[in-house]
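got a sequence here, can you build the structure:
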Amino acid sequence: MPSIGIMEDFRRDSLCMTFLADETVMSHLAAAFPRSILNIGYPAICSREEEMCKKITDTLSGLEVETATVGHAISAHIEKMANIANRQVNTSANFWIPFSNYMIRQTVKKSIEELLTHTKDMVDYWKTLSDRPLDVAFVDATTRDENLAQRLGVFYNELKEKGVRSVIICDTKGIATPRRLTDLLIQFQGTGADIEYHPHNDNGLVLSNIETATLLGAKRIGTAAFGFGERGTMIDTRKLVKKYNLQYNLDSFRYFEQQYHK
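Just a heads-up that it's a prediction; the model follows:
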């Protein structure tokens, strides 16, 4: 059975703006899933979210997890993420870029070549600010655009050459199938590539998709406690714990659940 890790998104999108998922709640979640990466929020949203990300980063500094802040591929977001990542040693960051033709047209309005150049420039900028790991998420990366698999290979190679730790393949709309993932990821099988798969379950195929992605070399899977991530369509972290025999502290999860309900 493949060995995988968890990228836990409970706080990133579902609860970051309530400020109720604070450092105490997140410390219990971290203890429940050791050796995971926890996306703790978008510090560029507002000053209060930035302060909450700092509190969580500092509180979880002594635990066996990695805390990650999230942002867009723009300098102002990267500066705030670096400021937080540099506070502790068990930290990282990730920023997202649009990847499908539709998302590129609707957001950055750049050519594919211009988008790649911009992304590499933002990676270079990060490296001037921090030596912490940086991951790049490809949004809407499972569509059936022509040559998308080739685009994925080019972006992966160029960003890894720039020093990016991993790329995150986001099934943003929950439309992936095992066949589509095979088309996209077969190029990485057996290469040791550092790929993460970020699944959604809109079409009910999430478990089959995860199994396919891991067999093709994905090293981390995006999850959310109770499934409470984007749109409520992410996979509950505990399902991966059971399937892949991952480290799990039930007592800590119960404390986390009690705090969450409060």
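
after the helix ranked longest in the chain, next one along is what?
With secondary structure taken from DSSP state H, the chain has its longest helix at helix 112-129. Per DSSP states H and E, the first helix or strand lying C-terminal to helix 112-129 is strand 134-139.

each with direction, which strands does that following strand pair with?
The pairing partners recorded for strand 134-139 under DSSP bridges are strand 91-98 (parallel), strand 166-170 (parallel).

quick one: closest of these to residue 241.
Among those, the nearest to residue 241 by CB to CB is strand 166-170 (20.3 Å). Using the backbone N, CA and C atoms, a C-beta is placed for each residue, glycine as well.

contacts for the longest helix of the chain next, please.
When contacts are defined by CB atoms under 8 Å, 6 or more residues apart in numbering, helix 112-129 is touched by residues 73-75, 78-79, 81-82, 86, 93, 95, 97-98, 104, 108, 110, 134, 136, 151, 154-155, 158-159, 162-164.

take those residues and keep only those in strands.
Of the positions in the contacts of helix 112-129, 93, 95, 97-98, 134, 136 sit in strands, assigned by DSSP state E.

flag every buried residue along stretch 128-146.
For stretch 128-146, the neighbour count (16 or more other CB atoms under 10 Å) marks 129-130, 132-143, 145 as buried.

now do the end-to-end distance for that stretch.
35 Å (CA to CA, to the nearest Å).

make 42 the first number, not 1, from now on.
Understood, numbering begins at 42; the last thing we discussed is stretch 169-187.

ranges for the helices of the stretch 42-191 of the chain?
Counting by DSSP state H, counting those that start in this stretch, residue ranges of the helices within the stretch 42-191 of the chain are 64-73, 88-100, 116-126, 142-147, 153-170, 189-203.

next, the angle from the fifth one to strand 175-180.
Just to be clear, that refers to helix 153-170. 150 degrees (axes from the mean of the first three to the mean of the last three CA atoms, to 10 degrees).

list the buried ones in helix 153-170?
Applying a neighbour-count criterion of 16+ other CB under 10 Å, the buried positions in helix 153-170 are 156-157, 160-161, 163-164, 166-167, 170.

next one: stretch 97-109 to chain centre, how far?
Relative to the chain's own centre, stretch 97-109 is displaced by 16 Å; criterion: CA atoms, centre = their mean, to the nearest Å.

nope, stretch 67-83 is what I was after
On CA atoms, centre = their mean, the centre of stretch 67-83 falls 12 Å from the chain's centre.

could you do stretch 202-215 as well?
Distance of stretch 202-215 from the chain centroid (CA atoms, centre = their mean) equals 8 Å.

pull out the CA atoms of that stretch and give them to me as PDB.
What follows is stretch 202-215 as a C-alpha-only set of coordinates in PDB (Å, rounded to 0.1, in the frame of the first residue of the first chain):
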ATOM      1  CA  GLU A 202      13.900  23.500 -11.000                       C
ATOM      2  CA  LYS A 203      13.100  26.800  -9.300                       C
ATOM      3  CA  GLY A 204      13.000  25.100  -5.900                       C
ATOM      4  CA  VAL A 205       9.200  24.500  -5.300                       C
ATOM      5  CA  ARG A 206       8.800  21.500  -3.000                       C
ATOM      6  CA  SER A 207       5.600  20.100  -4.500                       C
ATOM      7  CA  VAL A 208       2.700  20.900  -6.900                       C
ATOM      8  CA  ILE A 209      -0.900  20.400  -5.800                       C
ATOM      9  CA  ILE A 210      -3.300  19.000  -8.400                       C
ATOM     10  CA  CYS A 211      -6.700  20.500  -7.500                       C
ATOM     11  CA  ASP A 212      -9.900  18.700  -8.600                       C
ATOM     12  CA  THR A 213     -11.600  22.000  -7.900                       C
ATOM     13  CA  LYS A 214     -15.000  21.200  -9.300                       C
ATOM     14  CA  GLY A 215     -15.000  17.500  -8.200                       C
END
